[in-house]
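> Here you go, sequence then predicted model.
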Amino acid sequence: MSGRALKIVAGVVAVASAGAAAALAARPGAGGAAGDTDRLPPATATITRGTLRESVEADGELGYGPARTATARTPGTVTWLPDSGARVTRGKPLYRIDERPAVLMYGPVPAYRDLSPGAEGRDVAQLERNLSALGYDGFTVDDEYTGATADAVERWQEDNGLPGTGVLRLGQVVFASGPVRVGSLIAEPGGSVAPGRDLLTWTGTSKVITVRLDLADGAVAKVGAIAVVTLPDGERAEGKVTEAAIVTEERATEIEAQIAVTGVALENAAVDVTFTAAEREGVLIVPVAALLAAPGGGFAVEVVDGTTSRRVPVRTGLFADGRVEITGDGLAEGATVGVPA
C-alpha cells in the first residue's frame, strides 16, 4: 500500500462495471428465451442481502503524535533540561533558565501574557484549574484573576523557587493538553538564550497512529470517526480519530489525522488503517460484473430461474470492493443472476 490513501471511488467502479456489462450484453443469447439452455449465462452468482461499505485505506505510522516546540520566554542561561524520552507531568519543570523553572500545567490556551489582579480570560480560568488540581485553594475557579488568585499564585511561586510576587510572569508556566514526553533537545545546559529560542520538542505520552489523507478524503477522518487498524501480525483493532488538521509540506496539502487505539499492545511498526467512507446496511448486493447495459441507459441484471432467464432493470446504489447495491422489481435475496465466466 502506498503512503497516500487509496480510495475506491464509486464513479470509477461504475465505469469499470459498464465495460463488464457491455461485454456481458454482447454475449450471445443474454436474456434468451425460456427453455433455451444454450442461451443461459456462462456463470451465475447469488443475490445476497447485507452491509456494503466503501472504504478509504491509508498507511499508518506509529508514534507519539505531532511534536511541539518549547521556546524560551525570558533571556538567560539554560541551567537544566530533562532527558530525551522523559515524561513530565503537571506541576513539574519542563526546563530551567537561570535556575528558574518553567512549570508544566494542563490546558489548551498557550501562555501569552503576564497575569495579575484584574486580568480576565480563558487563560485565567485555566491557571486557576491547575492551581486547584495542585492543591492550592482560597479562590474561586472562574475567569477573573482576583487578590485571592494572586495569594495562591504567590504560594505556588515560593514552593517552586520563583519570586513570590503573586503576578504570574510569562515563562513561568508552559501549557500542554496533558503529560508530555520530551523529544529532542535543541538547546544545551550552559547556553545563553533569548526569548523565542527553541529549547526542546515534546509530544503526548500515549502512542498514537498518524495517517496522511488526500484533502478529498478528509471527511472520513473527522475527530471522533472510527477506523479499523490492522497490525503487522494481522490482528485488527478499533481506533478513534483524536486530532485532524490540514498540513502543507513541499507544496502538497493533505489531512493529517491522529488515531488512538486501546486494548492492544502497539509496537513501533507500520500499520494499515481503514476508514468507512460510506455504508449501506440490509441492502441487496450482486457482483458488479452482474450488471448489464440496459437499452436507453441504466442497468439490468439477468435473473436465472432453472432453464430460463429474464432481464430485470435495476437501480444501483453504493459500489464497493467489486460489489454493488441494487434494487429492482421482484428481486430478492437468494435469487440467481448471470455473470461472465
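Okay, I see it.

> Kindly tell me how buried Thr146 is, as a neighbour count.
17 (other C-beta atoms under 10 Å). Every C-beta, even on glycine, is put in place using the N, C-alpha and C of the backbone.

> In contact with it, which residues?
By C-beta atoms under 8 Å, 6 or more residues apart in numbering, the contact set of Thr146 is Pro117, Phe139, Thr140.

> Would you show me how to pick out the buried ones of the residues you listed in ChimeraX?
Selection of the buried residues among the contacts of Thr146 in ChimeraX, burial being defined by 16 or more other C-beta atoms under 10 Å:
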select :139
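
> which helices and strands does the one helix or strand Glu238 maps to pack with?
If you go by DSSP states H and E, Glu238 is part of strand 236-249. If you count contacts as 3 or more C-beta pairs under 8 Å, 6 or more residues apart in numbering; DSSP states H and E, strand 236-249 packs onto strand 208-214, strand 226-230, strand 252-261.

> From the contacts of Thr146, pick the one nearest Ala219.
Nearest to Ala219 out of these is Thr140 (C-beta to C-beta; 42.4 Å).

> Against Ala125, how distant is the closest one?
Distance, Thr140 to Ala125, by C-beta to C-beta, to the nearest Å: 10 Å.

> Likewise for Gln172?
Taking C-beta to C-beta, one finds Gln172 at 17 Å from Ala125.

> the more surrounded of these two?
A side-by-side neighbour count of Gln172 and Ala125, using other C-beta under 10 Å, places Gln172 first with 23 against 17.

> right, and the more buried one touches Ala102 too?
Yes - counting by C-beta atoms under 8 Å, Gln172 touches Ala102, with 6.5 Å between them.

> now for the lengthiest strand in the chain, which elements pack on it?
Assignment by DSSP state E gives strand 270-287 as the longest strand of the chain. On a contact count with 3+ C-beta pairs under 8 Å, 6+ apart, strand 270-287 meets strand 48-63, strand 208-214, strand 226-230, strand 308-320, strand 323-327.

> most packed of those strands?
Most buried of those, by mean neighbour count (mean count of other C-beta atoms under 10 Å): strand 208-214, with a mean of 22.

> In PDB, list the C-alpha atoms belonging to that one.
The C-alpha coordinates for strand 208-214 follow below in PDB (Å, rounded to 0.1, in the frame of the first residue of the first chain):
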ATOM      1  CA  VAL A 208      -1.000   7.100  18.500                       C
ATOM      2  CA  ILE A 209      -1.200   6.300  14.800                       C
ATOM      3  CA  THR A 210      -0.600   9.100  12.300                       C
ATOM      4  CA  VAL A 211      -2.000   8.900   8.800                       C
ATOM      5  CA  ARG A 212      -2.000  11.200   5.800                       C
ATOM      6  CA  LEU A 213      -5.000  11.500   3.500                       C
ATOM      7  CA  ASP A 214      -5.800  13.500   0.400                       C
END
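
> Any idea which helix or strand in the chain has the lowest mean pLDDT?
Lowest on mean pLDDT, DSSP states H and E among the helices and strands of the chain sits helix 10-25, with a mean of 38.

> Mind listing what's buried along the helix or strand just after it?
Next in sequence after helix 10-25, counting helices and strands by DSSP H and E, comes strand 43-46. Within strand 43-46, the residues that qualify as buried are Thr44, Ala45, counting by 16+ other C-beta under 10 Å.

> For strand 43-46, name the packing helices and strands.
strand 336-339.

> in terms of contact count, name the helices or strands touching the strand it packs on.
Going by 3+ C-beta pairs under 8 Å, 6+ apart, strand 336-339 lies up against strand 43-46, strand 299-305.
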